[in-house]
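Novice: give me a 3D structure for the following:
(one chain, ligands or ions: 4)
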Amino acid sequence: MAKQKLVMIGNGMAGVRTIEDLIKENPDAYEITIFGKEPHPNYNRIQLSNVLQGDMSIEDIILNQLDWYETNKIQLFTGETVVDIDLDNKEVISDQGQRVAYDKLIFATGSSPFFIPVEGIDKQGIIGFRDVSDCEVMIKGAEEYQDAVVIGGGLLGLEAAKGLKNLGMNVSVVHLMPHLMERQLDAAAGAMLKQELEKQGINFLMEKQTVEVLGDERATGLRFKDGSEVKANLVVMAVGIVPNKELAQQAGIVTNRGIIVNDFMETNIEDHYAIGECAEHRGIAYGLVAPLYEQAKVLAKRLANVPTEPYEGSVTGTQLKVAGVDLYSAGEIEGDDQTKAIRVHNEFEGVYKKVLIRDNHVVGTVLYGETTESTRLFRMLSNKEDVRDMTSLSILQAAGEAEEDDVAAMADEVVVCGCNGVTKKTVVDAIHAHNLTSVNEVGGCTNAGRSCGRCKPLIGQILEHTLGDSFDGAAAKDAICSCTTLDRDEVVAEIKEKGLTSVKEVMHVLGWKNEEGCSKCNPALNYYLGMIYADYKDERDARLVNEKMHANIQKDGTYSVVPRMYGGVTTAEDLKKLAEVATKYEVPLVKLTGGQRIGLFGIKKQDLPSVWAELGMQSGYAYGKTLRTVKTCVGARFCRYGTQDSMGLGMELEKKFERIDTPHKFKMGVSACPRNCAESGIKDIGVVGIDGGWEIYVGGNGGTDLRAGDLLYTVKTKEEVMDIASAYLQYYRETGHYLERTSKWVERMGLDHIKSVIEDEKVRRELISRIDQTLERYNEPWQEAIESDEIQGKYYRPVVTN
Ligand SMILES: Cc1cc2nc3c(=O)[nH]c(=O)nc-3n(C[C@H](O)[C@H](O)[C@H](O)COP(=O)(O)OP(=O)(O)OC[C@H]3O[C@@H](n4cnc5c(N)ncnc54)[C@H](O)[C@@H]3O)c2cc1C
Ligand SMILES: NC(=O)c1ccc[n+]([C@@H]2O[C@H](COP(=O)([O-])OP(=O)(O)OC[C@H]3O[C@@H](n4cnc5c(N)ncnc54)[C@H](O)[C@@H]3O)[C@@H](O)[C@H]2O)c1
Ligand code: SF4
Ligand code: FES
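Specialist: Numbers count the residues shown, from 1 in each chain. Ligands and ions are numbered 1, 2, ... in the order given. You can find the predicted model right below:
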């Protein structure tokens, strides 16, 4: 018997999830055709905020690669829009003139951004934030223009604003109401959010009604009802969305705000269904994936002819995906005469929690600054749990504890992944049935974690609990330490995705087993945070002892002091100072180091600040995971073989990159001819002068893992050396594992791959720009210690005991 033909209009998140579920129910039920207006396979629209913020690429957010469609024999037409439906003949008609017949038709057309109908709204430079192309326009706009305005201070507007800010624009958010996200937050939480985002450099224009877009062809600004104006060459509309219902409406299907469906996602015309944001169910068109995926399950079963419960609507919870903001909101926000509120407002710690209760049931919650209770409160809310026997404190505090501390105590029916409605039991069953050992594998099997990603740490804990020792065995190989099961890439991705900004926050949010962390993860997390955020405020206490002290501890408990001698060059003045200090403090050993400088060994901890003050020199970071030295030969200035100014280039390199944090220590060498007196062949970056230029070697190592450097490039000028060194160093910073030397990193990444990255002009420029931004954050640590009584008290004064 010929298969029935199923056509779906729209290749987005809700629609494709329906097809995935349908295939699981019955892979052979239909011959499936999908039309997608966008040129991409189905991708995770939720993560567009991360694409805009530069943390992910389009490739990273693809949910179904093209081979998924092929494997499942789905005919996919991308970049093709359905423009009409012939209901009588059951055919869809595309903008490319294609007619495709169907037995059943699904509308999965999503929504479009709402554009406020004001004068000038059709000018250039005004866009929504809905798809990949919008992201591309914004990213390009940020390269050309300075001033961006986002209209709408809701979820989408704030995520757009943060993305544009990260792209280096001046960003103002125009909001109609007195506080931000008024659909999700009350005034108190809204004010806290505004304050945090202002700290992050976003400007707010509250209670402003836009009446006109200024400018000729392109927007130059906005005018408001009160007569005031703001400059803007890029305007992002984020004032809500409108379901794409026109096609259905044209065809005679009943619509209201969206396409009206019953509890089985059926429209008023047989064999015609609607799913996702374009559908209106019991008066609601949802704009979050969790309810849409619930709808998808029901529709998939309906299409597969499998009995299903009806879809009766959803309670939704939301969070904002912006760095440094931890908020959660579900259900009612303000309450009424019948509701009682439990409220905690800790202004000192920036925490606000409100739970609304009516008739002994939680009906709403707003959390700001601390959201560990969100899953539990949401469950109480959606399950309509009776709370009459609970105290107000236990309603607030009971949440989170059991889940966090004891996965074993978590009931089977607890929803682990809110976006995808996956329970603990589903995860555990999948782990057993399919021998799953990683969070990604659980996602592949159950969908848990495949949307916003907030639940991934909890899935990790369930994996660990379920597999016990065998999980440790499977995960330990990659986990950054035994406090977590997450590996380096997962931790970095989570930090970016959730906008985590401190070591403690990472440990807390990602469910560290040991809340203080250990000596492995503390410095590693501090490094990764500093690598991700150019303006990161270093957490000194998270560092290893030598870096914390800014001096190398010796075997007898004393310290060494090794000041910078850029390029191994010193002066009589500096030598005199070193001699005076060595005499005054009775320094037991004055030694030339392997890196061409002079070290003072055996200095008492309490003498360190005064030694540094009297030397008046810069720290040589002989203790740091950073640039140590740039060894140079005398080069063309004095040596008869020298072809280049090796000392000049070496000093320039050292001055530029001193203090930059790297995954491990980093050494450079510059020799002015292939005789290589500065041992450039065994340096992390080694530069060798040749006639008319320089050779740049990378990945060399003269330590325990002896390795000769690989030739990366031959260039003509010093400027090119500086650029390549910048890009190379930054790429190592961004992809290296903490404590991985470049000799290992080059082998892991592959020299050809590194070359291809650096050769891409755009990528190279971006890497250089990021390292330049990061370099701005460093101060001279010895100077800081000299000037700060607090630092001296905390780190260098002896502890007095009575
Ligand atoms: C930046 C951003 C961040 C978000 N963050 C979150 C979040 O954190 N959490 C959350 O739950 N939700 C979030 N959302 C909302 C979530 O992405 C949507 O709810 C979800 O994508 C809706 O799925 P859908 O399939 O209904 O629509 P879509 O994913 O929009 O898919 C519809 C597809 O249909 C195509 N289409 C439309 N008309 C036609 C036609 N005539 N012919 C062919 N193709 C057509 C469209 O081009 C589109 O590709 C976010 C949305 C955005 C834009
Ligand atoms: N983190 C998330 O869950 C997330 C992130 C992004 C988008 N989304 C979804 O995407 C959809 C669109 O988001 P959204 O933020 O555009 O919609 P929204 O309706 O949630 O917020 C729009 C905001 O714009 C304000 N506004 C309306 N008219 C205005 C005007 N003329 N001037 C200034 N402000 C005005 C409103 O007061 C409101 O706060 C929603 O469904 C949302 O749930 C969710
Ligand atoms: S590397 Fe060449 S230029 Fe430099 S000191 Fe040695 S011989 Fe002279
Ligand atoms: S809660 Fe969003 S992916 Fe699991």
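Novice: quick one: name the residues of the stretch 451-600 of the chain near ligand 4.
Specialist: 451-455 (Cβ under 6 Å from any ligand atom). (C-beta placed from N, C-alpha, C; glycine too.)
Novice: could you dump those residues to CSV with distance to Ala572 and pLDDT?
Specialist: Output for these, formatted as CSV (distance: Cβ to Cβ, whole Å; pLDDT from 0 to 100):
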residue, distance to Ala572, pLDDT
Ser451, 66, 79
Cys452, 63, 79
Gly453, 59, 74
Arg454, 61, 71
Cys455, 64, 79
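Novice: what average pLDDT does the helix or strand Leu193 falls within get?
Specialist: Using DSSP states H and E, Leu193 maps to helix 187-199. On average, the pLDDT along helix 187-199 is 95.
Novice: contacts for that helix?
Specialist: 158, 161-162, 173, 178-182, 185, 204, 206, 320, 322, 324-325, 327, 329, 345, 350, 352, 354, 366-369 (Cβ atoms under 8 Å, 6 or more residues apart in numbering).
Novice: quote the end-to-end distance of stretch 215-224.
Specialist: End-to-end distance of stretch 215-224: 14 Å, with Cα to Cα, to the nearest Å as the criterion.
Novice: pick out the residue of the stretch 401-550 of the chain closest to ligand 2.
Specialist: Cys452 (7.2 Å; Cβ to the nearest ligand atom).
Novice: err, the stretch 201-350 of the chain, not the other one
Specialist: Gly287 (2.0 Å).
Novice: list the contacts of that residue.
Specialist: 111, 241, 277.
Novice: try it again with 10 Å
Specialist: 110-111, 154-156, 240-241, 243, 276-277, 316, 318 (Cβ atoms under 10 Å, 6 or more residues apart in numbering).
Novice: just put these in TSV and tack on neighbour count.
Specialist: Converted to TSV, the contacts of Gly287 look like this (neighbours: other Cβ atoms under 10 Å):
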residue	neighbour count
Gly110	24
Ser111	20
Gly154	24
Leu155	22
Leu156	24
Gly240	15
Ile241	18
Pro243	25
Gly276	34
Glu277	28
Thr316	19
Thr318	19
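Novice: picking up where we left off before, any of the contacts of helix 187-199 buried? List them.
Specialist: Buried members of the contacts of helix 187-199, counted by 16 or more other Cβ atoms under 10 Å: 158, 161-162, 173, 179-182, 185, 204, 320, 322, 324-325, 327, 329, 352, 354, 366-369.
Novice: in strands only, show me those.
Specialist: 173, 204, 327, 329, 352, 354, 366-368 (DSSP state E).
Novice: so which of the contacts of Gly287 are also by ligand 1?
Specialist: 110, 156, 276-277.
Novice: closest one of those to ligand 3?
Specialist: Leu156 (58.9 Å).
Novice: and that closest one, what element?
Specialist: Using DSSP H and E, Leu156 falls in helix 155-166.
Novice: any idea of the mean pLDDT for that helix?
Specialist: On average, helix 155-166 scores 94.
Novice: that helix vs helix 187-199, what angle?
Specialist: If you take axes from the mean of the first three to the mean of the last three Cα atoms, to 10 degrees, helix 155-166 sits at 20 degrees to helix 187-199.
Novice: tell me which other helices or strands helix 155-166 touches.
Specialist: Applying 3 or more Cβ pairs under 10 Å, 6 or more residues apart in numbering; DSSP states H and E, one finds that helix 155-166 contacts helix 48-52, helix 132-144, strand 147-151, strand 170-174, helix 187-199, strand 203-205, strand 234-237.
Novice: redo the ones you listed as JSON lines? Include distance to Gly650.
Specialist: Listed next are those as JSON lines, based on distance: least, Cβ to Cβ, whole Å:
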{"stretch": "helix 48-52", "distance to Gly650": "39"}
{"stretch": "helix 132-144", "distance to Gly650": "34"}
{"stretch": "strand 147-151", "distance to Gly650": "42"}
{"stretch": "strand 170-174", "distance to Gly650": "39"}
{"stretch": "helix 187-199", "distance to Gly650": "40"}
{"stretch": "strand 203-205", "distance to Gly650": "44"}
{"stretch": "strand 234-237", "distance to Gly650": "43"}
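Novice: relative to ligand 1, which of these is closest?
Specialist: Shortest distance between ligand 1 and the helices and strands packed on helix 155-166, using Cβ to the nearest ligand atom, is found for helix 48-52: 4.1 Å.
Novice: send me that closest one as CSV with only the CA atoms.
Specialist: This file holds the C-alpha atoms of helix 48-52, laid out as CSV (Å, rounded to 0.1, in the frame of the first residue of the first chain):
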residue,chain,number,x,y,z
LEU,A,48,21.0,32.5,18.4
SER,A,49,21.7,34.7,21.4
ASN,A,50,25.0,32.9,21.8
VAL,A,51,25.7,33.2,18.1
LEU,A,52,25.2,36.9,18.3
